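In: what would the 3D arrangement of this be:
(chains A and B)
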Amino acid sequence: DTGVSQDPRHKITKRGQNVTFRCDPISEHNRLYWYRQTLGQGPEFLTYFQNEAQLEKSRLLSDRFSAERPKGSFSTLEIQRTEQGDSAMYLCASSTDQGIGELFFGEGSRLTVL
Amino acid sequence: GDSVTQMEGPVTLSEEAFLTINCTYTATGYPSLFWYVQYPGEGLQLLLKATKADDKGSNKGFEATYRKETTSFHLEKGSVQVSDSAVYFCALRSILTGGGNKLTFGTGTQLKVEL
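Out: Residues are numbered from 1 along each chain as shown, chains lettered A, B, ... in the order given. Here you go, the predicted model:
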């Protein structure tokens, strides 16, 4: 069963360092989403791609954050000059462009900024 | 903007008890509504959905009815099992969303079922 996979599962970094997360979606899914989840909160939308095009970005995605999906397959989320407030679980999800609302989520990448 | 409000947890029940997790929403028009579940150590997965008023979504013994009059989508199950222990998230997809499935989630309700 090839679901959505995320790497690394846990990253500990010092404030000011750059980090990058990778997401491999379900292979036939053309849409890919990034969400952020902090403790005790639900997932918050960050951005989404249809194939390689980034179609929407949340205001939560400051200029220190950048996401790419260069070939319409895997995606990366980079955070530059990390801050303690960036500590969170970063969730990736994918879907087809059919139907409404069924996102397939990965297990997430937990970021801890010291 | 869109928002979802869920009852706070944790909710602790005995096996075979009746479950209700309340969810209300604020959105423009009539959004599509969802319940997602996150089992320990796993990613979120869709539990059920309803796309228009008065629709009832159901799966694995769970049910929720889209009530536009009360802007609610409460999750119910008649007899919970230990295996239902998880975090449950209510979510909506606004009609104003473009082509994507951008969802707005509630804060989640943790359910613990004991023998």
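
In: what comes up buried for the lowest-mean-pLDDT helix or strand in chain A?
Out: In chain A, no helix or strand scores lower on mean pLDDT, DSSP states H and E than strand A:53-57, which sits at a mean of 90. Residues of strand A:53-57 classed as buried: A:Q54, A:E56 (neighbour count, 16 or more other Cβ atoms under 10 Å in any protein chain shown). C-beta: built from backbone N, CA, C; applies to glycine.

In: return the residues of chain A in contact with chain B.
Out: A:3-4, A:31, A:33, A:40-45, A:48, A:50, A:55-56, A:91, A:93, A:95, A:97, A:100-108 (Cβ under 8 Å from any Cβ of the partner chain).

In: hmm, 10 Å instead?
Out: For chain A, the residues found near chain B under the criterion Cβ under 10 Å from any Cβ of the partner chain are A:3-6, A:31-33, A:35, A:37, A:40-45, A:47-50, A:55-56, A:58, A:91-97, A:99-108.

In: strands of chain B, start to end?
Out: Listed in chain order, the strands of chain B (DSSP state E) span residues B:3-6, B:11-14, B:19-21, B:23-26, B:32-38, B:45-50, B:56-59, B:62-65, B:75-77, B:86-93, B:104-105, B:109-114.

In: tell me the confidence at B:T97?
Out: Confidence at B:T97, expressed as pLDDT, is 61.

In: how close does the residue in chain A positioned nearest to chain B sit to A:T82?
Out: In chain A, no residue comes nearer to chain B than A:G42, which is 3.3 Å away by Cβ to the nearest Cβ. Distance, A:G42 to A:T82, by Cβ to Cβ, to the nearest Å: 23 Å.

In: same check, this time on B:F73
Out: 37 Å.

In: picking that back up, next up, the contacts around the residue of chain A closest to chain B.
Out: A:G42 is in contact with A:35, B:4, B:6, B:36, B:44, B:87, B:89-91, B:103-108, counting by Cβ atoms under 10 Å, 6 or more residues apart in numbering or on different chains.

In: just give the nearest non-adjacent residue to B:Y66, would you?
Out: B:A50 (4.0 Å; Cβ to Cβ, 6 or more residues apart in numbering or on different chains).

In: A:G72 is in contact with A:E28, correct?
Out: No. Using Cβ atoms under 10 Å, A:E28 is not in contact with A:G72, being 11.7 Å away.

In: quick one: which of these two has more around it?
Out: A:G72 (14 against 8; other Cβ atoms under 10 Å in any protein chain shown).

In: got phi/psi on that one?
Out: phi 70, psi 10 (degrees, to the nearest 10).

In: was I right about it contacting A:A53?
Out: Yes. Counting by Cβ under 10 Å, A:G72 does reach A:A53; the two are 8.5 Å apart.

In: work out for me the element the spatially most central residue of chain A sits within.
Out: Ranked by distance to the mean C-alpha position of chain A (Cα atoms, centre = their mean), the top residue is A:W34 at 3.3 Å. Using DSSP states H and E, A:W34 sits in strand A:31-37.

In: can you name the element that comes right after that strand?
Out: Heading C-terminal from strand A:31-37 (DSSP H and E), you reach strand A:44-50.

In: how near is A:Y33 to A:T76?
Out: Taking Cβ to Cβ, one finds A:Y33 at 14 Å from A:T76.

In: who touches the residue in chain B positioned nearest to chain A in this structure?
Out: Going by Cβ to the nearest Cβ, chain A is nearest to B:F105 of chain B, at 3.3 Å. With contact taken as Cβ under 10 Å, 6+ apart, B:F105 is in contact with A:35, A:37, A:41-45, B:3-4, B:6, B:34, B:36, B:44, B:89-92.

In: thanks a lot, see you next time.
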